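>>> With the input below, show me the fold.
(one chain, ligands or ions: 1)
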Amino acid sequence: IKLAILASGSGSNAEKIMEHFQGSTKAEIALIASNKANAFVLERAKKFGVPTFTFTRKEMDAGVLLAKLQEEKIDWVILAGFLLKIPEDLIRAFPDRMVNIHPALLPKYGGKGMYGHHVHEAVKAAGDTETGITIHLVNEHYDEGKIIFQAATKVTQDDTPDTIAQKVHVLEHRYFPEVIAGLI
Ligand code: GRF
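So this is what the prediction gives:
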């Protein structure tokens, strides 16, 4: 089973996933693709000897990314901190085979623009006493795809968006690889 990971930034989740599947006979991380040529995730891929592919939003919207994924015979697409809206034809090419991780407890804090720090700021501002992660399948309505897994962590008065982000990353790194392994 061949997996591709799409990421736009640091790629700490991508790293945990590559680590988890290293030496696996069942599945391989066949590609790390990013819309940012300087994204640190590309360095992490090199460390694991995983091929990389970079593209612009325009190229993605023109079908270049879809063509690459089909050319590489990718079976599953994993979004791990990918910040662009996936074109509908790309979503349709991977029905129930595209997985995203969202750093909050959907349906709370979903939707456009709610990613990364903005989410943790919103959780803090709302005075929520818990937050967490949501791993879901991606469909045309994006954050409304079938929820596969959620895990929560407590939020206290003393928490800041940064400390909340750290708590959420712990959950992501702990659960995302295993949830993917259970899915594919
Ligand atoms: C994670 O918090 C993920 O939930 C969100 O973007 C962040 C990616 O972090 N979608 P990293 O690039 O995997 O370190």
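>>> shouldn't Ala151 be in contact with Glu130?
No - in this structure, Ala151 is not within contact of Glu130 by Cβ atoms under 8 Å, at 10.4 Å. Using the backbone N, CA and C atoms, a C-beta is placed for each residue, glycine as well.
>>> More neighbours: which of these two?
Using other Cβ atoms under 10 Å, the more surrounded residue of Ala151 and Glu130 is Ala151, with 17 against 11.
>>> excluding its backbone neighbours, what's nearest the residue most central in space within the chain?
In the chain, the residue lying closest to the centroid (Cα atoms, centre = their mean) is Ala80, at 1.9 Å. Of all residues not flanking Ala80 in the chain, Asn13 sits nearest, at 3.9 Å (Cβ to Cβ, 6 or more residues apart in numbering).
>>> which residues sit against the strand or helix carrying that neighbour?
Using DSSP states H and E, Asn13 falls within helix 12-21. For helix 12-21, the surrounding residues in contact (Cβ atoms under 8 Å, 6 or more residues apart in numbering) are 3, 5, 7, 27-29, 32, 41, 44-45, 48, 50, 78, 80-81, 101, 169, 172-173, 176-178, 180-181.
>>> Give me the buried entries from these.
3, 5, 7, 27, 29, 32, 41, 44-45, 50, 78, 80-81, 101, 169, 172-173, 176-177, 180 (16 or more other Cβ atoms under 10 Å).
>>> quick one: the residue nearest to the centre of the chain and Ile101 touch, right?
Yes - applying Cβ under 8 Å, one finds Ala80 in contact with Ile101, separated by 6.2 Å.
>>> near the ligand, which residues of the protein show up?
7, 9-14, 80-81, 101-103, 115-116, 168, 172 (Cβ under 6 Å from any ligand atom).
>>> mind listing the strands for the chain?
2-6, 28-34, 52-54, 76-79, 98-102, 130-137, 147-154 (DSSP state E).
>>> got the ones you listed as a markdown table, with mean pLDDT columns?
Formatted as a markdown table, those follow (pLDDT from 0 to 100):
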| stretch | mean pLDDT |
| --- | --- |
| strand 2-6 | 98 |
| strand 28-34 | 98 |
| strand 52-54 | 98 |
| strand 76-79 | 98 |
| strand 98-102 | 96 |
| strand 130-137 | 97 |
| strand 147-154 | 98 |
